[in-house]
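[1] Sharing a model that was predicted from the sequence below.
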Amino acid sequence: MRIKRVFAISKKEYLQIIRDPISLSLSFLMPAVLLFLFGYAISFDIKNIKTCVLDQERNSKSRNFISNFESSGYFKVISYLEREDEIDKFLDSGKTALGIWIPQNFSKNSEALIVIDGSDAGNASLILNYISDIFLADKENSSKINLKIRFWYNEDLKSRNFIIPGLIALIIAIISALLSSLTISREWERGTMEKLISTPLKPSEVIIGKIIPYFLIGIIDLVFSVLIACLLFKVPLKGNLFFLSLVSLIYLFGGLSYGILISTATKSQILSIQISIVSTYLPTLLLSGFIFAIENMPDIIQTITYLVPAKYFIFIVRNIFLKGSPVNYLLFQFILLVLFSLLFFALSIKKFKKEV
Amino acid sequence: MIYVLKSFIKKEFTQIKRDKRMLFFIFVPPLIQLLILGYALNFDIKNIDVCFCDLEKTSESREILRKLSSSGYFRIKYYLESCKKMDELLDKGKVKVGIKIDKNFSKKKEIQIIIDGTDVNTASISKGYLKKIFYEKFERKNPEVNFELRVWYNPELKSQNYNVPGIVAFLIMLTCLLLTSMSIVKERESGTLEQILVTPLKPIEFIIGKTIPFAIIGFFEMSLALIFAILVFKIPLKGSILFLFFSALIYILSFLGIGLFISTISKTMQQAMMLSFFILLPTIILSGFLFPIENMPLLIQYITYLNPLRYFLIIIRGIFLKGIGLSILWKEILILLFISTAISSLSILNFRKRIK
């Protein structure tokens, strides 16, 4: 392998990137938009759940019952109803997620009905949790047992601290797949591959040469994301920055190699896009523990998640950020990531040799 | 005009049919994804791993242990008799909750609980579960107010019922957007666009001819996915299936329109891919598919009104879970219709301008 040839390929690829300013600027804009959306738009803490109330008793006791809900901060009464069938209407149309019905004899038999819109199960179980929170508060004070609950690593349970480190992994996965999955298939489709093959270039030189410029773009995205995470979103970075960079670079390298592997195998741009989205973007978003906890998935799917490299990367990044875990706690995941990256790289070279 | 259009559509179909690999990747992966994601997306939190550290070992502390493990929410993974290892288990992420019963528990009645706050969702739900178990099961019930809680539409709170219709919508969007965004740009890149332009085909016919095959594919795939949702996942379909297919068609048209628009403005497939992703990501995040819109800041909530996926999610979830029809959902249908017409006309105009 000659360094000179590798750089020649890199330079050619670099020129191609520079001449397509739209794609280039989008590869920097995309992480920014994702960070902005996940940082500002998403929060798991539900507040002001829209509630409708049908109060047929209208005395201090019923008002007191309602104010229990409102003063908790979780619920917001947006309308007071007159008739029973209005509750149906409000929940059917999704105007409110909760309906409280206080019938006439409430003061005597103390019975009320609470209806929750269960269509969003996650939301509904949170609402259930809040309601029991409100009404358990009294019992907590009179109870004999004293629970001292503390949250470690993320004391205030900030959603951002949970999402943003995982998002860095998602950004790298998307960017590396988007950038590299077309590079080889494009050459095939445009017929420039024949010219490339007729030069004395070796497969490893072509692939390394193609990876280098995208690797640099990925590094810029990475540094940018970590800076935004720490400075703008104030996600605490408790662990070792050097280790974080090392792992990220390995993951980026693996992602790019995988993209090139797809590109080599399909020889068609549309197919490359389809496969890279189905096999990288969706698993990274949904099967990596980024948002959905893996422990809740059925066993078979938990087994599948072992094949998703993002799972290990997200675990490492989160632990470095929030727990400041020492390197030896993360060694297993680290080794697997290295193996995955090397495997994809080796496969892409092998496949390229075969195709040529 | 009809004749020209007919032969153009025939050409499109022949092209699609000849690419067997492509056809395979249009239909098979989305269905596999539906199968995996339908089981994987799950906010129902159970089997939370617990490390139980019992320094007292009395019948009372054992009773607590029994209650915890029989609740179904928690899985006692480690039972320790000294608390040294507990911190390490939490640091390594082996357990999510650490419960410590001190030596003088019988006297002081104090239980120390540490919850890993990295995963905000699991953490806050664990806290709720713990409180429920300790305060509801140990203390005699003596509530001031009796209320009955009812969960409507999805009484078992199965998040599958909510998520699977969403996944169907999401996967169809992915296929429609990606396929169409590549379609025109592919002709441009391979140089066949010029040949088509010298035929008597008008721009509007060209766009319609490009849309129809993908509309049929998208509709066919949607039907397959819906059959999957109903037969495999047993999602109860409470509303009208006819109305569901009708609204699905409008929804498919809206994303075909967006895809065509991307295809008319991009010069290369790389650009088309970057642009589709640039649109795709916010579309998913700001749709209510994974994150409830009500929790977003007001400004961002306004942006979600531009999102076709948002409306279709309301429609498909409404039909499946609530069994509501046109009388409630007419607004969403109208907006979807408006979006699809607007974006399609825009692509036609843009295409006409480009070729002149």
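    Yep, it's here.
[2] how close does the residue lying farthest from the centre of chain B sit to residue B:58?
    Distance from the centre of chain B peaks at residue B:107, with 50.2 Å (Cα atoms, centre = their mean). According to Cβ to Cβ, to the nearest Å, residue B:107 stands 11 Å off from residue B:58. In this view, the C-beta of every residue, glycine as well, is placed from N, C-alpha and C.
[3] does the helix or strand encompassing residue B:263 come close to chain A?
    Residue B:263 belongs to helix B:241-265 when assigned by DSSP states H and E. No - residues of helix B:241-265 are not located near chain A by Cβ under 8 Å from any Cβ of the partner chain, the shortest gap being 9.1 Å.
[4] between the next helix or strand after that helix and helix B:241-265, how many degrees?
    The helix or strand immediately downstream of helix B:241-265 is helix B:269-285, counting by DSSP H and E. In terms of direction (axes from the mean of the first three to the mean of the last three Cα atoms, to 10 degrees), helix B:269-285 departs from helix B:241-265 by 140 degrees.
[5] three-state assignment of residue A:291?
    Per DSSP: H, G, I helix; E, B strand; the rest coil, the local secondary structure of residue A:291 is coil.
[6] Is it correct that residue B:320 is in contact with residue B:163?
    No - Residue B:320 is beyond contact range of residue B:163, at 11.0 Å (criterion: Cβ atoms under 8 Å).
[7] Where in chain B is the helix or strand with the lowest mean pLDDT?
    helix B:137 (a mean of 50; mean pLDDT, DSSP states H and E).
[8] Next: chain A.
    Per mean pLDDT, DSSP H and E, strand A:146-152 ranks last in chain A, at a mean of 68.
[9] for chain A, what are the nearby residues on the stretch 251-356 of chain B?
    Applying Cβ under 8 Å from any Cβ, we find that the stretch 251-356 of chain B lies next to chain A at B:266-271, B:273-275, B:277-278, B:281-282, B:285-286, B:290-292, B:294-297, B:300, B:314, B:317-318, B:321-322, B:324, B:328.
[10] rewinding a little: now the residue farthest from the centre of chain B: how far from residue A:113?
    Taking Cβ to Cβ, one finds residue B:107 at 42 Å from residue A:113.
[11] do the same with residue B:212
    For residue B:212, the distance to residue A:113 - Cβ to Cβ - is 52 Å.
[12] what do you get for residue A:30?
    According to Cβ to Cβ, residue A:30 stands 48 Å off from residue A:113.
[13] These two: which is more packed in?
    The neighbour count for residue A:30 versus residue A:113, taken as other Cβ atoms under 10 Å in any protein chain shown, is higher for residue A:30 (19 against 15).
[14] for residue A:80, phi and psi?
    Main-chain dihedrals, residue A:80, degrees, to the nearest 10: phi -100, psi 130.
[15] Please name the nearest non-neighbouring residue to it.
    residue A:53 (5.4 Å; Cβ to Cβ, 6 or more residues apart in numbering or on different chains).
[16] Could you check how many residues crowd around that neighbour?
    23.
[17] that's a strand at it, yeah?
    Yes - under three-state DSSP, residue A:53 sits within a strand.
[18] Please work out how many residues are found near residue 71.
    Here I'm looking at chain A. 10.
[19] Let me rephrase: I mean chain B.
    There are 15 residues near residue B:71, going by other Cβ under 10 Å.
[20] Residue A:132 too?
    18.
[21] That one and residue B:127 touch, don't they?
    No - counting by Cβ under 8 Å, residue A:132 does not reach residue B:127; the two are 10.9 Å apart.
[22] next one: phi and psi at the nearest residue to residue A:268 once chain neighbours are set aside?
    Excluding the flanking residues, the one nearest residue A:268 by Cβ to Cβ, 6+ apart is residue A:185, at 5.7 Å. Residue A:185 adopts backbone torsions of phi -60, psi -30, taken as degrees, to the nearest 10.
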